[in-house]
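Enquirer: need a 3D model of the sequence below.
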Amino acid sequence: MMKIGLAADHGGFELKERLAVRLRRAGFDVTDFGAHALEEGDDYPDFVVPLARAVAAGTVERGLAVCGSGVGASVAANKVPGARAALIADAFSAHQGVEDDDLNILCLGGRVIGESLAWELVTAFLAARFTAAGRHLRRLGKVRDLERAPRQTSPAASAIFEEGA
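Expert: Predicted structure coming up:
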């Protein structure tokens with residue numbers, strides 16, 4: 001039984017709740033990282049970052065992160081080393097992201113897709129397996145190197161920041 005983590009803010013709360021029911025009915029072991037109640041003033045990082053950390057640590061195998069558009073959830077999740085999150089809106093990308101890029105967090109927009117499409121994307125995402133082909137391992141190695149490297153600002157970026165100061 002695959003362990004799945006879910007997280008959503010107010011913008012994705014309703015969709016998260018519906019997906020949780022469907023996932024449990026389908027036999028998945030579901031951990032809900034919140035929100036646990038609909039609160040309009042909550043913030044997606046408060047729920048998505050703990051989910052991303054759990055996925056990166058292997059506490060859960062895959063994650064589903066939902067906010068209003070899915071963009072913020074994707075941005076927040078990808079700040080966690082080992083989390084590979086993407087905002088997905090089509091079934092091909094849902095499975096291809098896992099097969100080629102070892103995607104481990106699917107991000108969805110609760111205000112932009114309906115439950116039927118969301119379920120189609122979730123099932124494609126969860127059914128897919130990473131191929132571990134050499135070219136994909138090489139590319140993921142480069143991503144891991146970026147995660148380990150200290151953050152550096154390029155000279156061009158430094159100039160931009162200095163001008164704005």
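Enquirer: burial measure for residue 116, as a count.
Expert: 8 (other Cβ atoms under 10 Å). To be clear about C-beta, it is placed using only N, CA and C from the backbone, and glycine gets the same treatment.
Enquirer: er, residue 106 actually
Expert: Count around residue 106 with other Cβ under 10 Å applied: 29.
Enquirer: surely it is in a strand?
Expert: Yes. Counting by DSSP: H, G, I helix; E, B strand; the rest coil, residue 106 is located in a strand.
Enquirer: that one: what's it in contact with?
Expert: Contacts for residue 106 (Cβ atoms under 8 Å, 6 or more residues apart in numbering) come out as 62-65, 85-86, 88, 94, 97, 121-122, 125.
Enquirer: ok, now with 10 Å
Expert: 4, 62-66, 70, 73-74, 77, 85-88, 93-94, 97-98, 118, 121-122, 124-126 (Cβ atoms under 10 Å, 6 or more residues apart in numbering).
Enquirer: how close does it get to residue 141?
Expert: 23 Å (Cβ to Cβ, to the nearest Å).
Enquirer: before we move on, what about residue 63?
Expert: For residue 63, the distance to residue 141 equals 22 Å [Cβ to Cβ].
Enquirer: name the helices or strands packed onto the host helix or strand of residue 141?
Expert: Here residue 141, judged by DSSP states H and E, is contained in helix 134-148. Where contact means 3 or more Cβ pairs under 10 Å, 6 or more residues apart in numbering; DSSP states H and E, helix 134-148 is packed against helix 91-101.
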